[in-house]
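A.B. asks: build me a model:
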Amino acid sequence: MNTLSPARSGIALSGTLIVAFVLCAIAQAILPSAQFSHMWLSLFTAAPLGSLIAWIEGIIASVVVGFILGYCFAHCYNWSAKHGIK
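C.D. replies: Just a heads-up that it's a prediction; the model follows:
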């Protein structure tokens, strides 16, 4: 039976969310009037978009949320695999 490492899954999702946040923040900086990235950024920070504090809060929130969700995902996956749920 293959299992997922909760810590590795958490780290992987944290990295993915950081990349998504940074790409959206760059898109917002290049095209500030476009609305396609503002909602994603607002999920992770309430600071004014484009400010240094928004970058810091967004990256920290991405790490924390990503790790918690990745850990939970791996735990649920391993539990369902152990109990034969297909």
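A.B. asks: now do the helices in the protein.
C.D. replies: For the chain, the helices defined by DSSP state H cover 6-30, 38-44, 52-82.
A.B. asks: hey, least reliable of these by pLDDT?
C.D. replies: Across these, helix 38-44 has the smallest mean pLDDT, namely a mean of 89.
A.B. asks: now residue 74: how far from residue 47?
C.D. replies: Residue 74 sits 31 Å away from residue 47, taking CB to CB, to the nearest Å as the criterion. The way it works is simple: take the backbone N, C-alpha and C, and place the C-beta from them, glycine included.
A.B. asks: swap in residue 19?
C.D. replies: 20 Å.
A.B. asks: so those two - more neighbours on which side?
C.D. replies: More neighbours surround residue 47 than the other of residue 19 and residue 47, with 16 against 11 (other CB atoms under 10 Å).
A.B. asks: residues near residue 27, how many?
C.D. replies: Neighbours around residue 27, by other CB under 10 Å: 16.
A.B. asks: was I right to think it contacts residue 37?
C.D. replies: Yes - taking CB atoms under 8 Å as the definition, residue 27 is a contact partner of residue 37 at 4.6 Å.
A.B. asks: so residue 81 is in contact with residue 75, correct?
C.D. replies: No - using CB under 8 Å, residue 81 is not in contact with residue 75; the gap is 10.9 Å.
A.B. asks: report the central residue of the chain.
C.D. replies: What sits nearest the mean C-alpha location of the chain, by CA atoms, centre = their mean, is residue 17, with 2.9 Å.
A.B. asks: what's the spacing between residue 48 and residue 42?
C.D. replies: Distance from residue 48 to residue 42, counting by CB to CB: 11 Å.
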